[in-house]
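Novice: Here is my input; please provide its structure:
(one chain, ligands or ions: 1)
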Amino acid sequence: MRSPTGASHEADAPPEPVPQGQHTKTAIPSAHPRHACKSIPVVATPENHGGNPKARGFCSSLLGQFDVAHARFVLEHIPNPLQVVRNMARAVRPGGRVILSDDDYDGLRLWPEPPGFSSVWNAYQRTYDRHCNDPIVGRRLVQLLHQADLRPRRNTLVFFGGCAGDPDFEDVVRNIASIVDEAIDDIVATGLSRDAVTAGLDTLIAWSKAPDSAVWFGMSWAEGIRPP
Ligand SMILES: C[S@@+](CC[C@H](N)C(=O)[O-])C[C@H]1O[C@@H](n2cnc3c(N)ncnc32)[C@H](O)[C@@H]1O
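Specialist: Numbering: from 1, shown residues only. A predicted model of the protein is given here:
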């Protein structure tokens, strides 16, 4: 499932870019083990046997070798995000960086409020709960770094909103609408009627044409260091 902010992936670089030195190695949590050893999967998946370093595909010989491990919009899909962050911590060398960026869906603010949309958005968040995932994992990033025995160093929000008059605003709103639309069956399963969801989406699109509409949303971003 995409972030509501996913329309503009170029825009969410950390405040200071990750050094791209010749010897920098990056471990990227991935659900695609066929890419193992190019970007190392440190996420617990059925394919890599729950993150067991002895299991096929984990590249245990590379543990502790990476300068940076980065996960974006992944932890929100994982019932046990701490296990992922612990595996990222093991992937980096002492002094290496673990960078987490993820959503806190409860932080979405639309103003003036489009009537009926907040109940749709609340139901969308409940679909995460129903799958044992956390729709507000973004606010937990620093805590997760600490729990994984990393030293938190920085956090920030990367803005993904927009407003009337912004050339990207239509894309921002369209993206919010599309992630709701793609999750509509799960949303209906939470108890909201399909008609209510459809009406909420129609309202959102109409709302976005107003001259004073604004979306406020930030992606949570945090960095920790593996103690030397
Ligand atoms: C919204 S995409 C983000 C992709 C990419 N990291 C980015 O920032 O554009 C969510 C990613 O989480 C992965 N994912 C979802 N559930 C997963 C799971 N249980 N284990 C590992 N990866 C998972 C998906 O394969 C997908 O690549």
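Novice: Can you name the next helix or strand after the longest strand anywhere in the chain?
Specialist: In the chain, with assignment by DSSP state E, the single longest strand is strand 92-102. Proceeding C-terminally, strand 92-102 gives way to strand 109-111 as the next helix or strand, assigned by DSSP states H and E.
Novice: I'd like the average pLDDT over that following strand.
Specialist: Along strand 109-111, the predicted confidence averages to a pLDDT of 98.
Novice: quick one: least confident helix or strand in this protein?
Specialist: strand 26-27 (a mean of 60; mean pLDDT, DSSP states H and E).
Novice: So what's the residue count around the spatially closest residue to Gly95 that is not a sequence neighbour?
Specialist: With CB to CB, 6 or more residues apart in numbering as the criterion, Gly95 has its nearest non-adjacent residue at 4.9 Å, and that residue is Pro228. Placement of C-beta: from N, CA and C, glycine included. Per other CB atoms under 10 Å, the neighbour tally for Pro228 reads 8.
Novice: Surely Pro228 touches Arg93?
Specialist: No - checked against CB atoms under 8 Å, the pair Pro228 and Arg93 is beyond contact range at 9.1 Å.
Novice: okay, and the common contacts of those two?
Specialist: Between them, Pro228 and Arg93 share no contacting residue under CB atoms under 8 Å, 6 or more residues apart in numbering.
Novice: thinking again about what came up before, does the ligand have contacts with the longest strand of the chain?
Specialist: No - for strand 92-102 and the ligand, the contact criterion (CB under 6 Å from any ligand atom) is not met; the two come no nearer than 7.7 Å.
Novice: Please name the nearest non-neighbouring residue to Pro212.
Specialist: Residue 212: Asp, not Pro. Ala164 (6.1 Å).
Novice: So which residue is smack in the middle of this structure?
Specialist: Phe73 (2.2 Å; CA atoms, centre = their mean).
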